[in-house]
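Got a predicted structure here, sequence first:
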Protein chains: 2
Amino acid sequence: MTVFNLLVGGPTSEWPDTLKAGTVTGQWIGGDRGTLRLLDLGIDPVVAIGDFDSLSQSEYERVRAHVGDIRAAVPEKDETDTELAVTVAFRDYHATQLNIYGATGGRLDHLLANLWLVLKPRYRQHAHQIRFIDRQNTVTFYLPGNHEIQKEPDKKYLAFVPLEAVANLTLPDEKYQLDHEMVPYPISYASNEFMGSSGHFSFTSGLLAVIQSKD
Amino acid sequence: MTVFNLLVGGPTSEWPDTLKAGTVTGQWIGGDRGTLRLLDLGIDPVVAIGDFDSLSQSEYERVRAHVGDIRAAVPEKDETDTELAVTVAFRDYHATQLNIYGATGGRLDHLLANLWLVLKPRYRQHAHQIRFIDRQNTVTFYLPGNHEIQKEPDKKYLAFVPLEAVANLTLPDEKYQLDHEMVPYPISYASNEFMGSSGHFSFTSGLLAVIQSKD
């Protein structure tokens, strides 16, 4: 298992405590302003990605002194910095798991672009390897099949979130259950709960996010 | 024009300054914990909606003393408190415009349930009357047609966000343009900008959100 973490530029107020405390394991990738924030945490990312236009000369020199692999993104409307970073993680660094921090809070257009990245054909095959983590939420993604998920000890709520039409969604052993539900458009089935330390679910088409969260 | 505002229970850190300062015009609806927060602001909502189970006896008495119309929601998986409040606003209070505050920040399952409310058949006809407002974002919704939008003076970024497949999306006069783009799944075209004080766009099927935001 080759775990990579990616820090992008969302507000630090949404970071989980583990990131602030420097106890996250795995190698790091810096996305845009996330690179400087990693350096501030004492973490040298293996690769930095962004257009870096917003950095001062001294900031850019600092990045060059600490990061061996710098990828200058060409701004274009169909690939965000986050998307390019995800591409580099899987294609060039052969990540088997990518945990993304700094992707929530602040601007909603950024948040949605991040959450929906897995809907694009080139990332869909990696959906199950991508995870968003912030102070109150963990978001994972699933393709059709039978799945088991483990409850995170510090989270109370469990949400099943079809990001597009999903067929035969079945929740057999959660607090609120569904039986072969046909979901025609995106819905957030929020505020469900595990009945034990794990839960099962299945569906036959579409792409689904699972969100574990706490107040 | 009958403007109603709805305050739901998301974190107060995401409120815009106008809400904190009490300068928002129009009548108010309280959704769940939002009701108590309105009372704390010195605002008596015309109607309060929620299951109120989480309120203490004294908090509930306070709501009863200040609010003439109290709707106790029966928790069920297919209608959230926010959805019930939106139903009441349009059906019982004949709102022509509904601005929703407190719907962002914190739990992502709640945020997505709020944003996607307009995709449900019973709310789709009201999409153009619903607006989400927080500290950094204003979200509006559009059905197919030709539309003009006005730039908000304090916002820099403009995003076009198909919430489902959208056909022939055309952005003729924004910084980044599109010409009859067929959008097959949800995408956030983030970080676009107005070229003047207004902009135009059109599409022929689907439902689209427009997000004006600032850093």
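Cool, got the structure.

which residues in chain A form helices?
Assigned helices in chain A, in chain order: A:17-20, A:33-40, A:57-66, A:81-91, A:108-115, A:121-124 (criterion: DSSP state H).

Switch those over to a markdown table; also include mean neighbour count, distance to B:Asp53 and mean pLDDT.
Yep, even glycine has a C-beta here, placed from its N, CA and C like the rest. Formatted as a markdown table, the helices of chain A follow (neighbours: other Cβ atoms under 10 Å in any protein chain shown; distance: least, Cβ to Cβ, whole Å; pLDDT from 0 to 100):
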| stretch | mean neighbour count | distance to B:Asp53 | mean pLDDT |
| --- | --- | --- | --- |
| helix A:17-20 | 14 | 30 | 94 |
| helix A:33-40 | 22 | 40 | 94 |
| helix A:57-66 | 13 | 50 | 93 |
| helix A:81-91 | 21 | 39 | 94 |
| helix A:108-115 | 24 | 30 | 96 |
| helix A:121-124 | 14 | 40 | 96 |
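
Redo these as TSV? Include distance to chain B.
As requested, the helices of chain A are arranged in TSV below (distance: least, Cβ to the nearest Cβ, whole Å):
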stretch	distance to chain B
helix A:17-20	16
helix A:33-40	11
helix A:57-66	17
helix A:81-91	10
helix A:108-115	3
helix A:121-124	9
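
Redo the ones you listed as JSON lines? Include distance to B:Glu79.
Listed next are the helices of chain A as JSON lines, based on distance: least, Cβ to Cβ, whole Å:
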{"stretch": "helix A:17-20", "distance to B:Glu79": "35"}
{"stretch": "helix A:33-40", "distance to B:Glu79": "39"}
{"stretch": "helix A:57-66", "distance to B:Glu79": "49"}
{"stretch": "helix A:81-91", "distance to B:Glu79": "34"}
{"stretch": "helix A:108-115", "distance to B:Glu79": "24"}
{"stretch": "helix A:121-124", "distance to B:Glu79": "31"}
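
mind checking which of the ones you listed is nearest B:Val46?
With Cβ to Cβ, the closest approach to B:Val46 among the helices of chain A belongs to helix A:108-115: 28.2 Å.

which strands and helices sit next to the closest one?
strand B:137-142, strand B:157-162, strand B:189-192, strand B:208-213 (3 or more Cβ pairs under 8 Å, 6 or more residues apart in numbering or on different chains; DSSP states H and E).

mind putting these in TSV, distance to A:Gly105 included?
Output for those, formatted as TSV (distance: least, Cβ to Cβ, whole Å):
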stretch	distance to A:Gly105
strand B:137-142	11
strand B:157-162	15
strand B:189-192	15
strand B:208-213	12
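
Among these, show the one with the smallest mean pLDDT.
Sorting the helices and strands packed on helix A:108-115 by mean pLDDT places strand B:189-192 lowest, at a mean of 94.

And the contacts of that strand?
Outside of strand B:189-192, the residues within contact range by Cβ atoms under 8 Å, 6 or more residues apart in numbering or on different chains are A:77, A:80, A:107, A:109-110, A:112-113, B:157-161, B:171, B:174-176, B:178.

residues contacting the residue most central in space within chain A?
Centroid check for chain A by Cα atoms, centre = their mean gives A:Phe132 as the closest residue, at 2.6 Å. By Cβ under 8 Å, 6+ apart, A:Phe132 lies in contact with A:Asn99, A:Ile100, A:Tyr101, A:Ala103, A:Thr104, A:Asn114, A:Leu115, A:Thr138, A:Val139.

Which pLDDT does the model give the second one?
What that stands for is A:Ile100. A:Ile100 is given a pLDDT of 98.

ok, back up a step: may I see the PyMOL selection of the buried members of the contacts of A:Phe132?
Applying 16 or more other Cβ atoms under 10 Å in any protein chain shown to the contacts of A:Phe132, the buried members can be selected in PyMOL as follows:
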select buried, chain A and resi 99+100+101+103+104+114+115+138+139
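
Could you single out the nearest of the contacts of A:Phe132 to B:Val86?
Among these, and counting by Cβ to Cβ, the member closest to B:Val86 is A:Leu115, at 22.8 Å.

wait, the closest one sits on A:Phe141?
No. Contact between A:Leu115 and A:Phe141 fails when scored by Cβ atoms under 8 Å: they sit 9.2 Å apart.

shared neighbours of the two, anything?
Counting by Cβ under 8 Å, 6+ apart, the residues touching both A:Leu115 and A:Phe141 are A:Leu163, A:Ala209.

What's opposite A:Gln150 in the beta bridge?
In this entry, A:Gln150 is beta-bridged to A:Ser198, by DSSP bridges.

What separation do you get for it and chain B?
Noted for A:Gln150: a distance of 18 Å to chain B, by Cβ to the nearest Cβ, to the nearest Å.

what about that residue, distance to B:His94?
The spacing between A:Gln150 and B:His94, counted by Cβ to Cβ, to the nearest Å, is 48 Å.

filter the contacts of strand B:189-192 to the buried ones?
With neighbours counted by 16+ other Cβ under 10 Å, the contacts of strand B:189-192 contain buried members at A:80, A:107, A:109-110, A:112-113, B:157-161, B:171, B:174, B:178.

can you pull the contacts of the closest residue to A:Gly199 other than its chain neighbours?
In space, A:Gly199 comes closest to A:Glu174 once its chain neighbours are excluded; the distance is 5.1 Å by Cβ to Cβ, 6 or more residues apart in numbering or on different chains. For A:Glu174, the contact set (Cβ under 8 Å, 6+ apart) comprises A:Leu158, A:Asn192, A:Glu193, A:Phe194, A:Met195, A:Gly199, A:Phe201.

What's the PyMOL line that selects buried ones from these?
Buried subset of the contacts of A:Glu174, written as a PyMOL selection, criterion 16+ other Cβ under 10 Å:
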select buried, chain A and resi 158+192+194+199+201
